[in-house]
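>>> just need the structure, nothing else, for what follows:
(one chain, ligands or ions: 2)
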Amino acid sequence: MLPPENVLARDLTEWLPRQRWFGGKDSPIDDLSIGTATELLPGDPGLHHLILDVHQNTTTDQYQLLLGVRRDLPDRLRHVEIGGFPEGPGGPEAHLYDAAYDPDLTRTLLDDLAGEASVGPLRFHHASGFDIRTDLTSLPITTEQSNTSLLFGDDYICKLFRRLSSGVNLDLEVNLALTRVGCTHVPAVRGWIEMDDGGDGEPVTLGLLSDYLHTGAEGWSLAIASVRDWYAHTVPPGEGEWAELDASAAGGDFAAEAERLGAATAEVHQALAEAFGVATVRADEVRASAARMNEELTATCRAVPALAPHAKALTGAFIDLAAQAEPLPVQRVHGDYHLGQVLRTESGWTLLDFEGEPARTPGERRALAHPLRDVAGMLRSFEYAARFLITKSGTVPPESGRRLETRAHAWAARNRAAFCRGYAAAGGPDPAAHSVLLRAFEFEKAVYEVRYEARNRPAWLPVPLKSLAHLTA
Ligand SMILES: Nc1ncnc2c1ncn2[C@@H]1O[C@H](COP(=O)(O)OP(=O)(O)O)[C@@H](O)[C@H]1O
Ligand SMILES: O=P(O)(O)O[C@H]1O[C@H](CO)[C@@H](O[C@H]2O[C@H](CO)[C@@H](O)[C@H](O)[C@H]2O)[C@H](O)[C@H]1O
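Numbers count the residues shown, from 1 in each chain. Ligands and ions are numbered 1, 2, ... in the order given. You can find the predicted model right below:
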């Protein structure tokens, strides 16, 4: 049983803005209502699937929540408690909580996927001919995420999309299409959950079950380990400045991996072109894109004044793009490409999360783009990795800021070059031959990052700002 809608809506309005994956943190919630409520498991504990309609300013976003209801809430679930009902002097009789963290309830998802269940408006599917194991216990992963993913044993990862959009989810669509054309750089899709109608006749994807690559190491962690080694690599007495050190001599050099990652990226771009086709944008459309990049810059400077000192240099890159505009080939791309979206397994690099940037509209995320847009995303990520330790921790050697900055720059430059080399050698458009386009894409992404960090992780804001200070100097 659920509490009255107004009580539930009140509790959720208070709880939602504190969630990492909530995309509307920069303005208050004007109204919240329950779009659909579907009972997936009756009893105590009980499981309900909710779609929340969240109204902010002039927009309404839909979020998905698995709501658990228990009479007694064990301590292990206290941190995900949302509220309780009915309210009374003796405390609530039942507790409401985020059921993604409750393995007693999430096993229902595997049962429903295995059985291709239909429950109310929810449809569960498995990949044709694949038998889903149902004897696995879930564990939520703890990385920085826009969605919530559950590990089922060592076998599967189930991504539950938090903010929903109408139509087939990009991640599902792209993964299925890449698998169809034989691309081995994505994990196999084993099942998905969708809802009949998002209000406009289109289905809405709610979840995606894929093979869990349990031997994989995240690109971000590998890169950070390499940067740490690079900072710890000390100069033998009397042998000069850090800047003169040979980065290849430091333990944990990442350049060979960066090069292989560049090659895998080019192969995925070719597979995306094969699966979805290639189009051409006219020169005037490229000029319009450059103008949009600049408008975004202006708006972001207004929202985050710390960006303003870099505005002139950024505008210069967008003006150069407009001035040299020519027709460009465009295709489906990753759209939010960074080191947290790639896993190194024993057989090579795997790409994850084709959903595009969470702060963009569904239309913007699906838009075709020149493949160097993804290359620019990864170059930004090398900048982030190089500067993360300087900005975020006090554990780096006690050297002066200038020397650390020099060292950060050397790591980023080495890995940027290796990635681009691998990308071009594997048949991608040569980044060196498109420097104006690449710079504009990189600055566009940096502007997005400044806004993203200001909204979601203010403590990270100095990371893109410091890198911009360097790139625009
Ligand atoms: N198939 C997989 N195998 C192993 N780990 C995965 C897999 N898919 C995702 N992950 C891990 O989960 C993290 C978040 O996944 P991602 O799809 O990027 O979620 P989000 O859209 O919420 O950012 C990844 O950075 C990776 O560490
Ligand atoms: O992975 P998501 O699809 O949720 O992407 C969003 O969050 C990312 C951070 O988790 C953010 O990426 C930025 O930070 C990364 C380090 O954490 C860095 O490697 C990226 O280069 C940087 O852009 C991403 O921009 C955002 O859309």
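>>> so the residue of the stretch 201-350 of the chain found nearest ligand 1: helix, strand or coil?
Nearest residue of the stretch 201-350 of the chain to ligand 1: Leu213, at 3.7 Å (C-beta to the nearest ligand atom). Any C-beta I mention is one placed from the backbone N, CA and C, and that applies to glycine too. For Leu213, the assignment made with DSSP: H, G, I helix; E, B strand; the rest coil gives coil.
>>> and it, how many neighbours?
The tally of other residues near Leu213 (other C-beta atoms under 10 Å) stands at 18.
>>> for it, give its distance to Leu343.
The gap separating Leu213 from Leu343 is 6 Å, by C-beta to C-beta, to the nearest Å.
>>> before we move on, what about Val447?
Applying C-beta to C-beta, the value for Val447 to Leu343 is 28 Å.
>>> what's the answer for Leu139, then?
Counting by C-beta to C-beta, the gap from Leu139 to Leu343 is 18 Å.
>>> higher neighbour count, those two?
When Leu139 and Leu343 are compared on other C-beta under 10 Å, the one with more neighbours turns out to be Leu343, at 21 against 14.
>>> ok but that one is inside a strand, no?
Yes. Assessed with three-state DSSP, Leu343 lies in a strand.
>>> that one against Trp349, yeah?
Yes. Using C-beta atoms under 8 Å, Leu343 is in contact with Trp349, at 7.2 Å.
>>> spit out the residues that contact these two alike.
Gly219 (C-beta atoms under 8 Å, 6 or more residues apart in numbering).
>>> which parts of the stretch 1-150 of the chain are helices?
5-15, 103-114 (DSSP state H, counting those that start in this stretch).
>>> over to the stretch 301-450 of the chain?
Under the criterion DSSP H, counting those that start in this stretch, the stretch 301-450 of the chain contains helices at 311-323, 362-366, 372-392, 401-425, 435-456.
>>> quick revisit: give the intersection of the neighbour lists for Leu213 and Leu343.
With contacts taken as C-beta under 8 Å, 6+ apart, the residues that reach both Leu213 and Leu343 are Thr350.
>>> what ranges does the stretch 201-350 of the chain have for its strands?
In the stretch 201-350 of the chain, the strands defined using DSSP state E, counting those that start in this stretch lie at 204-211, 217-218, 278-281, 328-331, 342-345, 348-351.
>>> take these and write them to CSV, including distance to Glu116.
Converted to CSV, the strands of the stretch 201-350 of the chain look like this (distance: least, C-beta to C-beta, whole Å):
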stretch, distance to Glu116
strand 204-211, 12
strand 217-218, 32
strand 278-281, 35
strand 328-331, 33
strand 342-345, 29
strand 348-351, 27
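>>> these: which one's closest to Asp430?
Checking these against Asp430 by C-beta to C-beta gives strand 328-331 as the closest, at 13.5 Å.
>>> and the closest one, which residues are buried?
Buried residues in strand 328-331, counting neighbours by 16 or more other C-beta atoms under 10 Å, are found at 328, 330-331.
>>> before we move on, what about stretch 287-302?
Applying 16+ other C-beta under 10 Å to stretch 287-302 flags 287, 289-290, 293-294, 296-297, 300-301 as buried.
>>> before we move on, what about stretch 312-328?
314-315, 317-318, 320-322, 325, 328.
>>> what's in contact with it?
Counting by C-beta under 8 Å, 6+ apart, 280-284, 286-287, 289-291, 293-294, 297, 370, 436-437, 439-440, 443-444, 446-447, 468, 472 sit against stretch 312-328.
>>> of the residues you listed, list those near ligand 2.
The subset of the contacts of stretch 312-328 lying close to ligand 2, counting by C-beta under 6 Å from any ligand atom, is empty.
>>> so how do I select the buried members of these in ChimeraX?
Restricted to buried positions by 16+ other C-beta under 10 Å, the ChimeraX selection for these reads:
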select :281,286,287,289,290,293,294,297,370,437,439,440,443,444,446,447,468,472
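>>> pLDDT averaged over stretch 431-450 - what is it?
For stretch 431-450, mean pLDDT is 97.
>>> stretch 339-358 too?
Averaged across stretch 339-358, pLDDT comes to 94.
>>> in that stretch, what's buried?
Under the neighbour-count criterion of 16+ other C-beta under 10 Å, stretch 339-358 has 339-344, 349-358 buried.
>>> same check, this time on stretch 251-270
Buried residues in stretch 251-270, counted by 16+ other C-beta under 10 Å: 252-255, 257-270.
>>> over to stretch 138-153?
Buried residues in stretch 138-153, defined by neighbour count with 16+ other C-beta under 10 Å: 138, 140, 145-152.
>>> now it, how far from the centre of its chain.
Distance, stretch centre to chain centre, for stretch 138-153: 13 Å (C-alpha atoms, centre = their mean, to the nearest Å).
>>> swap in stretch 220-233?
22 Å.
>>> how close does the residue in the stretch 301-450 of the chain positioned nearest to ligand 1 get to Leu437?
Proximity of the stretch 301-450 of the chain to ligand 1 (C-beta to the nearest ligand atom) peaks at Asp353, 3.4 Å away. Distance of Asp353 to Leu437, computed by C-beta to C-beta: 24 Å.
>>> ok, Ala426 next?
Distance, Ala426 to Leu437, by C-beta to C-beta: 19 Å.
>>> show me where pLDDT drops low in this structure?
Applying pLDDT under 70 to the chain flags residues 88, 144, 198-199, 234-247, 249-250, 392-402.
>>> quick check: closest non-adjacent residue to Leu437.
Leu372 (5.7 Å; C-beta to C-beta, 6 or more residues apart in numbering).
>>> OK, contacts around that neighbour?
Applying C-beta under 8 Å, 6+ apart, we find Leu372 in contact with 429, 431, 434, 437-438, 441.
>>> want to throw those into JSON lines with distance to Phe85?
As requested, the contacts of Leu372 are exported to JSON lines (distance: C-beta to C-beta, whole Å):
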{"residue": "Pro429", "distance to Phe85": "58"}
{"residue": "Pro431", "distance to Phe85": "57"}
{"residue": "His434", "distance to Phe85": "59"}
{"residue": "Leu437", "distance to Phe85": "56"}
{"residue": "Leu438", "distance to Phe85": "55"}
{"residue": "Phe441", "distance to Phe85": "50"}
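>>> what about burial for those, which qualify?
Buried by 16+ other C-beta under 10 Å: 429, 431, 434, 437-438, 441, out of those.
>>> now render these as JSON lines, adding distance to ligand 1.
Below are these laid out as JSON lines (distance: C-beta to the nearest ligand atom, whole Å):
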{"residue": "Pro429", "distance to ligand 1": "25"}
{"residue": "Pro431", "distance to ligand 1": "24"}
{"residue": "His434", "distance to ligand 1": "27"}
{"residue": "Leu437", "distance to ligand 1": "26"}
{"residue": "Leu438", "distance to ligand 1": "24"}
{"residue": "Phe441", "distance to ligand 1": "21"}
